[in-house]
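K.L.:
After the sequence you'll find the predicted model.
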Amino acid sequence: MSSDDRLHAKAQAIYRLLVEEYGQPAWRRHYDPLSELVLTFLSQNTSDVNSHRAFEQLKARYPTWEAVVAAPTEELAAAIRSGGLADIKAPRIQEALQRILEERGAFDLDFLADLPLEEAKGWLTSLQGIGPKSAAIVLLFCFGRPVFPVDTHIHRLSQRLGIVSPETSREQAQAVWEALVPAEVYYPLHLNLITHGRRVCRARDPLCPICALQAHCDWYAGTVPPPHAAKR
Ligand code: SF4
């Protein structure tokens with residue numbers, strides 16, 4: 001078996017074992033695309049709890065996207081303070097919304113459903129503060145487009161399992177996963193890897209003795225160096 005074939009077999013085994021552990025989540029739209037985009041800004045460098053709290057505060061303070069754009073930036077920053085980096089995130093959110101309104105004539109991202117995939121990624125990442133992971137989240141979660149977002153949990157797991165090398169960036173890891181598994185499993189595999197990263201393959205104290213992926217893990221087998229400390 002070639003090393004490529006081995007990697008494909010490993011990715012398939014990981015997918016299958018995680019479905020046995022956590023089930024096979026069916027795709028569903030979590031938020032409307034604009035809300036998801038704003039949440040991706042708010043989620044940068046903070047926890048899900050904090051970013052969702054900031055999002056709820058933003059929605060409570062400003063009932064429409066027009067109101068978010070029209071708000072004094074310092075006031076918007078104060079409303080989302082619990083999400084951290086508010087003075088950076090507030091102007092970026094306003095800039096993005098303003099650009100969408102100017103380009104599309106409405107607060108609407110539905111054009112991303114039909115745009116060629118690379119163009120859709122390029123459009124999203126041209127927004128200040130939106131990187132490949134954030135773009136992938138909007139495209140996968142809102143439109144079911146075939147992209148595989150790699151967050152901090154999936155990046156760590158990919159390195160420990162030996163799907164990618166310890167030097168591989170998140171963006172490179174995204175391309176590796178996209179080539180290894182079929183597009184129809186991107187969504188369930190993405191969610192199940194995150195669940196596994198939170199519950200078992202934790203950053204500082206992975207629970208290897210109870211891990212269902214042991215047999216496929218290079219770090220457990222001692223063939224890759226210990227993982228670096230937790231990073232968010
Ligand atoms: S065996 Fe340990 S390091 Fe490997 S995936 Fe499982 S918890 Fe993570």
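P.N.:
Arrived safely, thanks for sending.
K.L.:
per-domain residue ranges of the chain.
P.N.:
What automatic domain parsing lists as the domains of the chain is 3-26+149-221, 33-143.
K.L.:
Of all the ones you listed, which one is nearest the ligand?
P.N.:
Set against the ligand and scored by CB to the nearest ligand atom, these come closest in domain 3-26+149-221, at 3.0 Å. All C-beta atoms are positioned from the backbone trio N, CA, C, and that covers glycine.
K.L.:
sorry, back to before: mind putting the domains of the chain into CSV with mean pLDDT, mean neighbour count and distance to the ligand?
P.N.:
Conversion of those to CSV gives the following (pLDDT from 0 to 100; neighbours: other CB atoms under 10 Å; distance: least, CB to the nearest ligand atom, whole Å):
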stretch, mean pLDDT, mean neighbour count, distance to the ligand
domain 3-26+149-221, 96, 17, 3
domain 33-143, 94, 17, 20
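K.L.:
Helices of this structure, start to end?
P.N.:
3-22, 33-42, 48-61, 65-70, 73-79, 86-104, 117-125, 132-143, 152-161, 170-180, 186-199, 218-221 (DSSP state H).
K.L.:
Ile210: which of those helices is closest?
P.N.:
Minimum separation from Ile210 across the helices of the chain (CB to CB) falls at helix 186-199, 9.7 Å.
K.L.:
How about residues contacting the closest one?
P.N.:
14-15, 18-19, 21-22, 24-27, 140, 144, 146-149, 151-154, 156-157, 177-178, 181, 203, 207, 213 (CB atoms under 8 Å, 6 or more residues apart in numbering).
K.L.:
Try it again at 7 Å.
P.N.:
With CB atoms under 7 Å, 6 or more residues apart in numbering as the contact definition, helix 186-199 has outside contacts at 15, 18-19, 22, 24-25, 27, 140, 146-149, 151, 153-154, 156-157, 181.
K.L.:
Next, the angle from it to helix 132-143.
P.N.:
If you take axes from the mean of the first three to the mean of the last three CA atoms, to 10 degrees, helix 186-199 sits at 120 degrees to helix 132-143.
K.L.:
now helix 186-199: how far from the chain's centre is it?
P.N.:
11 Å (CA atoms, centre = their mean, to the nearest Å).
K.L.:
before we move on, what about stretch 32-47?
P.N.:
On CA atoms, centre = their mean, the centre of stretch 32-47 falls 10 Å from that of its chain.
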